[in-house]
Each structure stands twice: as C-alpha cells, then as structure tokens.
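Student: got a sequence here, can you build the structure:
(one chain, ligands or ions: 1)
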Amino acid sequence: MRVEAALGLGGNLGDPVAAFAHALTRLAQHPAIFAVRPSSVYRTAPWGKLDQPEFLNMAVLVETELPARALLDLCLDLEREGGRERRERWGPRTLDIDILTYGREMIDEPGLQVPHPRIAERAFVLAPLAEIAPGMVIGERTVSTSLDAVRNETIRRDSVATDRLNAKLTG
Ligand code: GSY
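Tutor: Model (predicted):
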C-alpha cells in the first residue's frame with residue numbers, strides 16, 4: 001500500500017544544502033519510493049538552544065510503500081551519510097531528518113512518534129511543510145492554521161540556498 005509521508009530536514013553545520021541534496025537524491029532512487037516533492041529551503045532561527053548558528057530547514061513529501069519503521073531506518077542511514085554527529089541535545093548538527101507524518105497513522109513506539117509530537121510549536125517545521133501541504137491535517141488543525149499560530153519566529157525562504165539545491169538535484 002502506498003502512503004504519503006512528510007519528512008522534515010534541518011542542519012546548521014557544514015553544508016546543509018549538499019546534505020539535503022544527497023538525501024533527496026537517495027530518496028528518489030529508492031525502489032519503494034515513488035514520488036519526492038521538496039519544499040524550498042528556509043533559513044530559521046535556532047530553537048531550543050539559542051547560541052548556535054541559524055539552521056537551514058526544508059520539508060519533503062514522499063509517496064512510499066516502505067513501512068514507517070523502515071522509512072525511519074532509511075532516514076537514520078541518510079543522516080549518517082550526511083555526516084551526522086550527535087554532539088549535544090538541541091545542539092548544532094549537519095543533518096537531521098524527522099518523519100513528520102505517515103499518512104494519517106498515529107504511531108507511538110520507542111524511537112518513532114508520528115505525527116512528530118512537537119510539530120505544532122515549531123515554525124521551522126511548519127513553514128516549509130505549509131508550502132507543499134498547507135491543507136494537511138495534523139491533530140485537529142491544518143498545517144497552515146498551525147503555522148499562523150506560531151508566526152512570531154524568524155523564518156524566511158532562502159532563495160539562494162533553494163536555487164543551489166535545485167541545481168544539485170537537476171545537474
Ligand atoms: O529538530 C531539529 C533540529 N533543530 C532545529 C532545526 O532543525 N531548526 C531550527 N531552527 N532549530 C532547531 N533546533 C533543533 S534541536
């Protein structure tokens with residue numbers, strides 16, 4: 001059965017655009033993933049731990065036959081390939097990939113909570129997701145309604161990073 005899943009990507013160390021491009025290419029090449037629809041890249045103020053560089057964030061919709069746990073394992077592989085080192089909680093990182101939604105499923109297992117429990121409070125997740133899935137319902141609200149409630153964060157579309165990403169994906 002094919003499911004539409006939403007992934008959130010973020011990073012603030014090294015070259016996050018290159019890490020995003022590598023991850024998106026690997027997703028598109030996967031035999032059990034049939035469509036990959038990326039958002040633009042956004043420049044976002046750090047959340048949680050404030051004294052660290054700005055992040056780049058984006059979202060992607062994938063249509064997949066992978067079960068949620070296998071999709072998580074793939075995301076963890078892509079994080080490792082992107083050079084991820086977990087130094088400190090909420091600290092800087094090269095590449096983070098979270099499963100935001102997996103169809104309409106609610107999953108609460110060790111290491112896998114879907115929908116991602118903190119989506120509604122994070123504009124850096126909601127803004128990219130609203131670009132590609134504004135009407136997606138998470139909890140009781142659409143993504144765009146949830147985004148309106150957290151508009152005060154500093155989030156802006158980064159056209160230079162987006163163009164660089166698209167050049168890497170098509171070039
Ligand atoms: O959960 C993802 C890692 N992360 C981020 C992020 O991706 N973007 C922003 N803006 N702040 C963050 N804080 C953490 S931790």
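
Student: got the contact list for the closest residue to the ligand within the chain?
Tutor: Closest to the ligand within the chain is Gly10: 2.5 Å, counting by CB to the nearest ligand atom. In this view, the C-beta of every residue, glycine as well, is placed from N, C-alpha and C. Neighbouring residues of Gly10 by CB atoms under 8 Å, 6 or more residues apart in numbering: 16, 44, 55-58, 93, 95-96, 124.

Student: so which strand or helix has it?
Tutor: Gly10 belongs to strand 3-11 when elements are defined using DSSP states H and E.

Student: show me what the helix or strand just after that strand is in contact with.
Tutor: Scanning forward in sequence from strand 3-11 by DSSP H and E, the next helix or strand is helix 16-29. Residues from elsewhere that reach helix 16-29 (CB under 8 Å, 6+ apart): 9-11, 33, 36, 38, 41, 55-56, 58, 60, 62, 74, 78, 81-83, 94-95, 97, 161, 164-165, 168-169.

Student: low-confidence stretches in this structure?
Tutor: 84-88, 152-153 (pLDDT under 70).

Student: go with 90
Tutor: Within the chain, the stretches falling below the threshold (pLDDT under 90) are 47-51, 82-94, 118, 120-121, 151-154, 171.

Student: just the helices in it please.
Tutor: 16-29, 68-81, 123-132, 143-149, 159-170 (DSSP state H).

Student: looks like Leu78 contacts Ile99 (just checking).
Tutor: No: between Leu78 and Ile99 there is no contact under CB atoms under 8 Å: 11.8 Å.

Student: which residues does Val143 contact?
Tutor: Contacts of Val143 (CB under 8 Å, 6+ apart): 126, 129-130, 133-136.

Student: which of the residues you listed are buried?
Tutor: 126, 129-130, 133, 136 (16 or more other CB atoms under 10 Å).

Student: can I get the residues you listed in TSV with distance to Ile119?
Tutor: Formatted as TSV, the buried ones among the contacts of Val143 follow (distance: CB to CB, whole Å):
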residue	distance to Ile119
Leu126	7
Leu129	8
Ala130	11
Ala133	12
Met136	10
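
Student: the residue lying closest to Glu4 once chain neighbours are set aside pairs with what?
Tutor: Excluding the flanking residues, the one nearest Glu4 by CB to CB, 6 or more residues apart in numbering is Glu63, at 5.4 Å. Assessed by DSSP bridges, Glu63 has beta-bridge partners Glu4, Ala35.
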